[in-house]
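Undergrad: Got a predicted model here, sequence first, then my questions.
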Amino acid sequence: MSQRVSDEVVAMAMGELRSGHSSSRHVETLPYVHKVGSPPKQTLFQEIKHSVKETFFSDNPLKEFKDQTIRRKFVLGLQAVFPIFNWARGYNLKAFRSDFISGLTIASLCIPQDIAYAKLANLEPQYGLYTSFVAPLVYAFMGSSRDIAIGPVAVVSLLLGTMLSDEIKDYHSHEYLRLALTATFFAGITQMALGVLRLGFLIDFLSHAAIVGFMAGAAITIALQQLKGLLGIKNFTKKTDIISVMDSVWSSVHHGWNWQTIVIGISFLVFLLITKYIAKREKKLFWVAAIAPMTCVILSTLFVYITRADKKGVSIVKHIKKGVNPASASEIFFSGKYLSAGARIGVVAGMVALTEAVAIGRTFAAMKDYSLDGNKEMVALGTMNIIGSLTSCYVATGSFSRSAVNYMAGCKTAVSNIVMALVVLLTLLVITPLFKYTPNAVLASIIIAAVLGLIDIQAVILLWKIDKFDFLACMGAFFGVIFKSVEIGLLIAVAISFAKILLQVTRPRTAVLGKLPGTSVYRNIQQYPKATQIPGMLIIRVDSAIYFSNSNYIKERILRWLTDEETQRTGSELAAIQYLVVEMSPVTDIDTSGIHALEELYKSLHKREVQLVLANPGPIVMEKLHASNLTDLVGEHKIFLSVTDAVATFVTKGSEL
């Protein structure tokens, strides 16, 4: 009852303020205002427990196990590790029909891509097929995405190829293959560790803008690398930067190009681009683009075999080893001089592969409105690559082009990956000898057509419109890739992403607030020019937590606001500033440096005969203000629930609102 009466009194007083009568009232006749409450004090253990829970277990992964029998907990645990045991119970023939068609469709796309991507990694073609057999099977049992299609991808293949060749120049040597398998093993270890330790939030530090630039740069680099196969050049640079590649291309224009190869490559590239355009314009014809790569391989292979164009300088695949994946556990470097290199390359490749897979998985999960557990995905991808490294596979992840085809083909579950893997197995056992006369120019055209989709010009334009710093991050990653290397581009992308975080943390925004006419609402005067400032008061909102990294800047910025406002108000109708109100609702936390900065701010204001007033500090902030005795220094009567209460209490006599 007393609470309701108080609220009515406050409402009446606010009405008086709005009608202009408050200027004639003295402080002692002002209505009752609510004091800021202090939360119950927590122990150190409780604070640490809360922080750990919100950092690593914010999704409360064990909630389903609560109050369950041991048998039920075992079943839930099994379903958590192998989601297939959960959704397979409701699986039916109708879903299988959709998955079977999807699996066949993406298999027709992945087989020629796998052969081509293996060449990007400087590996024999069969290793691309090996990767599309084992990895999708493992993911189908452990992954939580229904739409993602697993296998080698262009960006990771190029990244592996460049980093591995930096360590071992002769990529035909057995040590090169062993290093590739070692890198794959450590890529899996990295991914699994991130999932098990629930550190998936680390990949979020690579911003969307940086990824857009990195992918576009990698796409151009990959496309330029394919000029060797597309033009039939024998002696081609092993460097990936655009200057070295173009120099290598033009230096061989008079003696190194093969016109038969160019005709084959350009013809099928045009065909692939036309099918992609048709599929983009008419969604129902997505299958035209999906089967186009396999169609190109079949037609070009027949053409070369009939005309014997390989005798006229047209480079062909020659041989793909027949048979299923051989075991490769003994090939991994667990000691020796290549161990550290394999681990380093694996960590980089694993993080890039993980970022791409999670981004793809989240995209399609949002489109179909189902949840995707990032930590489970990391465990699944890590296990997949660890097992892959033991079975002659290199780093696999989610492919955007294949996943898009999988989605368009109407896949229902991860069974489409199983179907695709079985088709690849059939290819390894029976069909591989038929690829002998496949021209490398066609594989180059397949890669070029595939990676062009990684260049998202609309996303770059949107970055420029929304955030210039994001655009800078995008361009930094892009130019780093095309002018230096994939690794340097990735490093620049990460560095700019961290720089943005540091800039936002160390230089948070502050704003001067004014009152919107006819309301008791206070907003940024730059956003709302009609908002009026209060005579005798300066109201500033701090839009960030106050930490050691920004506390001194915030203090100095508030004092600069005060100096600027005092200069502007000199000679104006507004009274001199007597109160500085700090609106603290966005301040989620404060540390000892922040407390010290507020103390210094209080002393600086005291010398200027300006009183410090705090409005709406949160529970954590209020607890720390009490613990540091800053509330005694500032005064309990100068800490308010809202700016409105502060203004109602300290409004200058004779002023009008």
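TA: Great, that's in hand.
Undergrad: all contacts plus neighbour counts: C-alpha atoms, from now on.
TA: Will do.
Undergrad: Domain map for the protein?
TA: Annotated domains of the chain cover 91-502, 507-650 [automatic domain parsing].
Undergrad: which one of the ones you listed lies closest to residue 77?
TA: domain 91-502 (12.2 Å; Cα to Cα).
Undergrad: and the end-to-end length of that closest one?
TA: In domain 91-502, first residue to last residue: 48 Å (Cα to Cα, to the nearest Å).
Undergrad: Kindly reformat the domains of the chain as a markdown table containing mean neighbour count and distance to residue 73.
TA: Below are the domains of the chain laid out as a markdown table (neighbours: other Cα atoms under 10 Å; distance: least, Cα to Cα, whole Å):
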| stretch | mean neighbour count | distance to residue 73 |
| --- | --- | --- |
| domain 91-502 | 21 | 18 |
| domain 507-650 | 18 | 37 |
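Undergrad: Out of these, flag the one nearest residue 70.
TA: Across the domains of the chain, closest to residue 70 is domain 91-502 (Cα to Cα), at 22.2 Å.
Undergrad: so how far is that closest one off the chain centroid?
TA: Distance of domain 91-502 from the chain centroid (Cα atoms, centre = their mean, to the nearest Å) equals 18 Å.
Undergrad: Could I get the phi/psi values of residue 234?
TA: phi -80, psi -50 (degrees, to the nearest 10).
Undergrad: nope, residue 611 is what I was after
TA: phi -90, psi 140.
Undergrad: nearest spatial neighbour of it, skipping sequence neighbours?
TA: Among residues not flanking residue 611 along the chain, residue 579 sits closest, at 4.7 Å (Cα to Cα, 6 or more residues apart in numbering).
Undergrad: List the residues that contact the one you found.
TA: 536, 537, 538, 610, 611, 612, 613, 650 (Cα atoms under 8 Å, 6 or more residues apart in numbering).
Undergrad: So which of those is the closest to residue 325?
TA: residue 613 (71.8 Å).
Undergrad: sec struct for that closest one, please.
TA: strand (DSSP: H, G, I helix; E, B strand; the rest coil).
Undergrad: got it, and residue 320?
TA: coil.
Undergrad: One more: residue 198?
TA: With three-state DSSP as the basis, residue 198 sits in coil.
Undergrad: isn't it right next to residue 373, touching?
TA: No: using Cα atoms under 8 Å, residue 198 is not in contact with residue 373, being 10.7 Å away.
Undergrad: what residue ranges in the stretch 151-300 of the chain score low on pLDDT?
TA: Of all residues in the stretch 151-300 of the chain, none has pLDDT under 70.
Undergrad: Against residue 589, how distant is residue 618?
TA: Distance from residue 618 to residue 589, by Cα to Cα: 8 Å.
Undergrad: for the stretch 51-200 of the chain, what spans make up the strands?
TA: With DSSP state E, counting those that start in this stretch as the criterion, the stretch 51-200 of the chain has strands at 149-151.
Undergrad: Check the stretch 501-650 of the chain too.
TA: 510-515, 522-524, 537-542, 579-583, 611-615, 639-640.
Undergrad: what about the closest residue to residue 103 other than its chain neighbours, distance to residue 150?
TA: Leaving aside its chain neighbours, residue 103 sits nearest to residue 416 (4.2 Å; criterion: Cα to Cα, 6+ apart). To residue 150, residue 416 is 10 Å away according to Cα to Cα.
Undergrad: How about residues contacting stretch 105-117?
TA: For stretch 105-117, using Cα under 8 Å, 6+ apart, the contacting residues are 125-129, 132, 149, 151-154, 157, 287, 290-294, 297, 402, 405-406, 409, 420-421, 423-424, 443-444, 446-447.
Undergrad: Give me the average confidence score over that stretch.
TA: Mean pLDDT, computed over stretch 105-117, is 92.
Undergrad: so is the residue nearest the centre of the chain in a helix, a strand, or just coil?
TA: Among the residues of the chain, residue 204 comes closest to the average C-alpha position under Cα atoms, centre = their mean, at 4.7 Å. Under three-state DSSP, the three-state class of residue 204 is helix.
Undergrad: from now on call the first residue 42
TA: Shifting the count to begin at 42 puts that one at residue 245.
Undergrad: do you know how far it is from residue 562?
TA: Counting by Cα to Cα, the gap from residue 245 to residue 562 is 36 Å.
Undergrad: Apart from its chain neighbours, what residue comes closest to residue 299?
TA: residue 273 (5.1 Å).
Undergrad: Just list the residues touching the one you found, thanks.
TA: 297, 298, 299, 300, 302, 303, 354, 355, 356, 482.
Undergrad: Which single one of the residues you listed is nearest to residue 209?
TA: residue 356 (24.6 Å).
Undergrad: you'd agree that closest one is up against residue 484?
TA: No: with contact defined as Cα under 8 Å, residue 356 and residue 484 do not form a contacting pair (10.8 Å).
Undergrad: Next, show the common contact partners of these two.
TA: Shared contacts of residue 356 and residue 484, counting by Cα under 8 Å, 6+ apart, come down to residue 270.
Undergrad: what's the first-to-last distance across stretch 105-112?
TA: 13 Å.
Undergrad: Helix, strand, or coil at residue 439?
TA: strand.
Undergrad: Look up how far residue 425 lies from it.
TA: Distance from residue 439 to residue 425, by Cα to Cα: 12 Å.
Undergrad: Also residue 690?
TA: Relative to residue 425, and taking Cα to Cα, residue 690 is found at 65 Å.
Undergrad: Next: residue 312.
TA: In terms of Cα to Cα, residue 312 sits 35 Å off from residue 425.
Undergrad: same thing with residue 158?
TA: 19 Å.
Undergrad: How about residue 306?
TA: Distance from residue 306 to residue 425, by Cα to Cα: 34 Å.
Undergrad: And residue 498, what's its pLDDT?
TA: 91.
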